[in-house]
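Trainee: Fold the following, please.
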Amino acid sequence: MFIESCLKFNKKKSMNPAPTNTAHSLYMLYETLPDDLQQAFLQELIQKKHQELVDLSFYLDCKQTKDENEYLTEQEHQMFINSLSQCKSRKITANPGDYYA
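Mentor: Presented below is the predicted three-dimensional model:
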């Protein structure tokens with residue numbers, strides 16, 4: 001599921017690249033809003049785009065780990081695989097950040 005999310009996000013990202021300056025300008029606009037409007041915006045963003053935010057977060061974690069050459073040891077790899085099967089049976093979502101020391 002995590003890998004599928006990562007690949008799905010990466011595919012969306014490569015098909016529709018957003019210009020960096022436009023993204024930065026939108027963020028700067030957000031920063032000028034009063035705190036209550038920023039909070040309301042973030043709440044609506046999370047409600048309406050939750051899965052995309054989760055996918056992006058996971059993708060960025062994967063990218064950072066790859067860029068830092070931090071790979072799982074065989075034991076960590078096995079623990080991660082085992083936790084995925086436990087999560088699936090319990091219907092819990094694992095946090096990928098828990099597996100990177």
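
Trainee: going forward, measure contacts between C-alpha atoms and count neighbours the same way
Mentor: OK.

Trainee: need the longest helix for the chain.
Mentor: Among the elements of the chain assigned as helix by DSSP state H, the one spanning the most residues is helix 35-67.

Trainee: other SSEs contacting that helix?
Mentor: helix 2-15 (3 or more CA pairs under 8 Å, 6 or more residues apart in numbering; DSSP states H and E).

Trainee: Also compute the angle for the following helix or strand past the helix it packs on relative to helix 35-67, please.
Mentor: Once the chain leaves helix 2-15, the next helix or strand it forms, by DSSP states H and E, is helix 20-32. Using axes from the mean of the first three to the mean of the last three CA atoms, to 10 degrees, the direction of helix 20-32 lies 140 degrees away from that of helix 35-67.

Trainee: coming back round to it: show the subsequent helix or strand relative to the longest helix of the chain.
Mentor: Next along the chain after helix 35-67, taking DSSP H and E as the criterion, comes helix 74-90.

Trainee: just to revisit the earlier point, for the longest helix of the chain, what does the pLDDT average out to?
Mentor: Within the predicted structure, the mean pLDDT of helix 35-67 is 90.

Trainee: Pull out the buried positions in it.
Mentor: The neighbour-count criterion (16 or more other CA atoms under 10 Å) identifies Val54, Asp55, Leu56, Ser57, Phe58, Tyr59, Asp61, Cys62 as the buried residues of helix 35-67.

Trainee: Now the residues you listed in JSON lines, please, with extra columns for distance to Pro19.
Mentor: Below are the buried residues of helix 35-67 laid out as JSON lines (distance: CA to CA, whole Å):
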{"residue": "Val54", "distance to Pro19": "22"}
{"residue": "Asp55", "distance to Pro19": "20"}
{"residue": "Leu56", "distance to Pro19": "17"}
{"residue": "Ser57", "distance to Pro19": "19"}
{"residue": "Phe58", "distance to Pro19": "21"}
{"residue": "Tyr59", "distance to Pro19": "19"}
{"residue": "Asp61", "distance to Pro19": "22"}
{"residue": "Cys62", "distance to Pro19": "22"}
